[in-house]
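S.K.: Kindly generate the corresponding structure for this input.
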Amino acid sequence: MKALMLAAGIGRRLFGDNNYDLPKALLRFKGQSLLERHIELLQAYNIDELVLIVGHRKEDLVAEAMKYARDGFVQWTENPRYQEGPILSLAQGEEVLRSGSDVLLMDSDVLYHPLMLEKLIVSPEKNCFIFDQRFQSEEDPVKLCLKEGLIVDFGKAIEEPYDTVGEWPGFMKMESRIAGLLMDAVEKIIASGEIEGSYERAITAVLKSEPLKTFGHEDITNIPWIEIDEPRDLEKAISEVFPRISDYLLEARAESPTPEI
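M.R.: From the prediction side, this is the model:
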C-alpha cells in the first residue's frame, strides 16, 4: 500500500492570506513535527511508500521528510497551482492513484493517536473511511453519514437521509480500482472548471457511483485527534488533544501495542 499525503496549502485559515509561515505539516508538538510523526507511523505500519504533494515552501517540507524517512520511502510531487484549490493538489497524485496499488489518502495537518491510523490500515474493509461520532471541528466539518450501518453520503453538504453521522478526519484507504475512479472524478471536476472548493467532492462522486457495500468504515470515536485549520484548532491541539494522546497511549498500550509517539 502507498500513502498519498496532501501538504501543498498555505494554511490560509490558520495564518492568513499571502503568508510565508511554515506549512501546517511542520507544526511541532513536543519538538516533533506533524510530518515526522506521520512518517514514523507509516514506516512502523509497513506502508511501502509515501508520496507528498507539496507547494507552499516545498523545500522545507521535502527537507523535513528526507531527514526522517528511510532511503527511498518518500517521493514528492509539486502542485504549482497550490493556491487555487486543493483538488489541484489531489490531481498531482495521478501516478499513485493509477499505479495499481492500494492507496492510503491522508491530509497532512492532523494530530492524532497512532491507534486511529492503525484501525484504518488493519481494517478488513478494502475501501474504508474512519469517522468520529463526537465532532472535533466547530465549523464546516466533513461528514460521513450511515443508514442502517451502510455509508449513504459524505462531504460538507449532505443530501441523503441518515441515522448515524460523524466527522471524517481526512484519512481513508482505497483498493486500486477505486483509486483509479477517484482520479477520473478529479479530472472531470477540473475539466468543468469548478476547481474552487473541497477535494472531497471527488470522493463523494465515486461513493455515490458505486454499490452501497463498496465502502466500509471504522469508528474512531474517543480516540484523540484534531485537524488543525484555524487558530482555535491549534490552541486545542496544544492544550487538550496532545495531552490526551499521551494519556490515551498509556491506557491503550495494555490492550494493543502501538508505536512510540
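S.K.: Excluding sequence neighbours, find me the nearest residue to residue 20.
M.R.: Counting by CB to CB, 6 or more residues apart in numbering, residue 20 lies nearest to residue 57, which is 7.4 Å off, once chain neighbours are set aside. Every residue, glycine included, has its C-beta placed from N, CA and C.
S.K.: mind listing what that neighbour touches?
M.R.: 20, 22, 23 (CB atoms under 8 Å, 6 or more residues apart in numbering).
S.K.: What are the boundaries of the helices in the stretch 1-150 of the chain?
M.R.: Along the stretch 1-150 of the chain, the segments classed as helices by DSSP state H, counting those that start in this stretch run 12-15, 34-44, 58-68, 86-91, 94-97, 114-122.
S.K.: related to what we said a few turns ago, now rank the contacts of residue 57 by neighbours and give me the top one.
M.R.: Counting neighbours by other CB atoms under 10 Å, residue 23 comes out on top of the contacts of residue 57 with 26 neighbours.
S.K.: Does that residue touch residue 61 like I think?
M.R.: Yes - between residue 23 and residue 61 there is a contact at 5.6 Å, judged by CB atoms under 8 Å.
S.K.: and for these two, which residues touch both?
M.R.: Overlap of the contact sets of residue 23 and residue 61 (by CB under 8 Å, 6+ apart) consists of 7, 54.
S.K.: thinking again about what came up before, out of the helices of the stretch 1-150 of the chain, which gets nearest to residue 184?
M.R.: When the helices of the stretch 1-150 of the chain are compared by CB to CB, helix 94-97 sits nearest residue 184, at 9.2 Å.
S.K.: can you give me how far the helix or strand hosting residue 203 is from the chain middle?
M.R.: Assessed by DSSP states H and E, residue 203 sits inside helix 200-209. Here helix 200-209 is found 16 Å from its chain centre; the criterion is CA atoms, centre = their mean, to the nearest Å.
S.K.: Can you list the helices and strands that the helix or strand immediately after it in the chain packs against?
M.R.: Going down the chain from helix 200-209, the next helix or strand is strand 216-219, by DSSP H and E. Packing partners of strand 216-219 (3 or more CB pairs under 8 Å, 6 or more residues apart in numbering; DSSP states H and E): strand 128-131.
S.K.: what sits up against the helix holding residue 203?
M.R.: By CB under 8 Å, 6+ apart, the list of residues contacting helix 200-209 from outside reads 87, 90, 142, 151, 153-156, 168, 172, 178, 181-182, 185-186, 188-189, 214-215.
S.K.: filter those residues to the buried ones?
M.R.: 87, 90, 142, 151, 153-155, 168, 172, 178, 181-182, 185-186, 189, 214-215 (16 or more other CB atoms under 10 Å).
S.K.: Now go through those and say which are in strands.
M.R.: 151, 153, 154, 155, 172 (DSSP state E).
S.K.: Can you tell me which of these is closest to residue 97?
M.R.: Of all those, residue 172 has the smallest distance to residue 97: 12.5 Å, by CB to CB.
S.K.: For the closest one, which residues are in contact?
M.R.: 104, 105, 120, 127, 128, 129, 130, 203.
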